[in-house]
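Student: From the sequence below, what's the structure:
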Amino acid sequence: MRVFVAISLILAASAAALPAYADEPALIGTYTQNEACKGNGSATPKKLVKINDKDVVSNFGPCTFLDKQTTGRTTKAQATCKSQSGEFDVALVFTLKDDNTVDFLEESSNYKSVLYRCEGK
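Tutor: Numbers count the residues shown, from 1 in each chain. The predicted model follows:
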């Protein structure tokens, strides 16, 4: 009985130590924007979008996540982006679709696109 209780406590402590993004949908990866990815995406560098747990990088510039919340298959993120014209804050929405694409929305400008996952990335 004591062994079971000890194992339960260890498992509970391990789960509590996991980073918050561990429960998020699998957004991390390399994508192409508005066209199917060809190979590893290297053929279309202007359309490449790379998402990791801290930021998203595209031809527009890097955007660092300030805050993220995930509900079901949708992740909403506040981010700060850097472009040639300076820094600005944005609200981003990523929605995973069943066909292995991601609907993307930048809320303030209503910019929408579809991200196509590059296999193996």
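
Student: which residues of this protein fall in strands?
Tutor: Using DSSP state E, the strands found in the chain span residues 29-33, 48-51, 55-58, 61-71, 74-83, 86-96, 101-106, 111-117.

Student: Using PDB, write out every CA atom in the third one.
Tutor: What follows is the C-alpha trace of strand 55-58 in PDB, where atoms were taken according to Å, rounded to 0.1, in the frame of the first residue of the first chain:
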ATOM      1  CA  ASP A  55       7.500  31.900 -31.200                       C
ATOM      2  CA  VAL A  56       6.400  31.800 -34.800                       C
ATOM      3  CA  VAL A  57       8.800  32.900 -37.600                       C
ATOM      4  CA  SER A  58       7.600  33.700 -41.100                       C
END
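
Student: partners of it in the sheet?
Tutor: Take DSSP bridges as the rule and strand 55-58 pairs in its sheet with strand 48-51 (antiparallel), strand 61-71 (antiparallel).

Student: Tell me which helix or strand in the protein has the weakest average pLDDT.
Tutor: Lowest by mean pLDDT, DSSP states H and E among the helices and strands of the chain is helix 2-17, with a mean of 32.
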